[in-house]
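S.K.: let me see the structure of the following:
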Amino acid sequence: MVLGRVAHYALDAVLLSTVVAGIRRSSGFVPDTSMISDETVRSVTEKFLGAGETVFDILQSTAINSKYYKRDERSIR
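M.R.: Numbering: from 1, shown residues only. Alright, predicted model coming up:
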């Protein structure tokens, strides 16, 4: 029971981090981790955000190499 709850929270954290990575990729805005004064918390936060970047990269490469996705020419600027 507890293990399922921990897995659920971990998955939620990865999804949240992936959304933040998507925001970063689409807008260029990133959380300012330099405002975190505690070095340990800052390091954990940066690793948390890095995990989202990794998941986002994996999902993006999967979509690029899939025959089920195509590039929307209207969204390219």
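S.K.: so for stretch 32-46, mean pLDDT?
M.R.: The pLDDT scores in stretch 32-46 average 95.
S.K.: so where does residue 40 fall, helix or strand?
M.R.: Element membership for residue 40, per DSSP states H and E: helix 39-64.
S.K.: only the buried residues of that helix, if you could.
M.R.: By 16 or more other CB atoms under 10 Å, the buried positions in helix 39-64 come out as 48, 49, 52, 53, 55, 56. Just so you know, the C-beta spots here come from the backbone N, C-alpha and C atoms, and that holds for glycine as well.
S.K.: just checking, what packs against it?
M.R.: When contacts are defined as 3 or more CB pairs under 8 Å, 6 or more residues apart in numbering; DSSP states H and E, helix 39-64 sits against helix 2-27.
S.K.: in the helix it packs on, what counts as buried?
M.R.: 17, 18, 20, 21, 22, 24.
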